[in-house]
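Trainee: 3D model of this:
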Amino acid sequence: MTNVDTQTQTAEQQLAQPQENGPLVGIIMGSQSDMDTMAAAAKVLEDAGVRSEIRVMSAHRDPATVADYCKNARMRGLKIIIAGAGLSAALPGVAAAHTDLPVIGVPLSSRLSAAGGLDALLSVVQMPPGVPVAAVGLDNAKNAGHLALRILRA
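Mentor: As a prediction, the model looks like this:
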């Protein structure tokens, strides 16, 4: 089952040790407004019987929370992080900079996006060497869920 939380949780609550049947995939996004799109990844995982958690955290507004979440993801039992972000789309790259787990970036469009979301797409795929982020299509969180399943089953 998917666990939905927001930034209102304390860092201590977010970083608590996992229960025995804790989530394997962390789904993060920079804004609550991205929830409807990113929930598609959680649905794919849930349908396959894979536990996930959803968190809202901003690489720009609260970078320490993002760093703590990603640095402690493996310790908490996560195997993959799916990160959705629009505009400058910094969240996937910031996540990848703070973990050695696979990170799947979901570029998100918005009414403020340049060229229909091209800004977000380029921000996700143009990572520097040593900071890998896999990318799926614009607003295609469903494919991020499918890619996470393939990685878990590899």
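Trainee: hey, which helix or strand in the protein has the poorest pLDDT?
Mentor: helix 11-14 (a mean of 46; mean pLDDT, DSSP states H and E).
Trainee: Name every strand pairing with the next helix or strand after it and say which way it goes.
Mentor: With elements assigned by DSSP states H and E, the helix or strand that comes after helix 11-14 is strand 25-29. Strand 25-29 has its sheet partners listed here by DSSP bridges as strand 52-56 (parallel), strand 80-86 (parallel).
Trainee: now the last one: mean pLDDT?
Mentor: Along strand 80-86, the predicted local confidence has a mean pLDDT of 96.
Trainee: What is the helix or strand following it packed up against?
Mentor: Counting by DSSP H and E, the element after strand 80-86 in chain order, helix or strand, is helix 90-97. On a contact count with 3 or more Cβ pairs under 8 Å, 6 or more residues apart in numbering; DSSP states H and E, helix 90-97 meets strand 25-29, helix 63-71, strand 80-86, strand 103-108, helix 118-125. C-betas here are computed from N, CA, C, even on glycine.
Trainee: got the angle for the third one vs helix 63-71?
Mentor: With axes from the mean of the first three to the mean of the last three Cα atoms, to 10 degrees as the criterion, the two stretches strand 80-86 and helix 63-71 enclose an angle of 150 degrees.
Trainee: In PDB, please show the C-alpha coordinates belonging to strand 80-86.
Mentor: Output in PDB follows, covering the C-alpha atoms of strand 80-86 (Å, rounded to 0.1, in the frame of the first residue of the first chain):
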ATOM      1  CA  ILE A  80      15.100   2.800  -6.000                       C
ATOM      2  CA  ILE A  81      14.100   6.400  -5.900                       C
ATOM      3  CA  ILE A  82      11.700   7.900  -8.500                       C
ATOM      4  CA  ALA A  83      11.900  11.700  -8.500                       C
ATOM      5  CA  GLY A  84       9.500  13.900 -10.400                       C
ATOM      6  CA  ALA A  85      10.200  17.600 -11.000                       C
ATOM      7  CA  GLY A  86       9.200  20.300 -13.400                       C
END
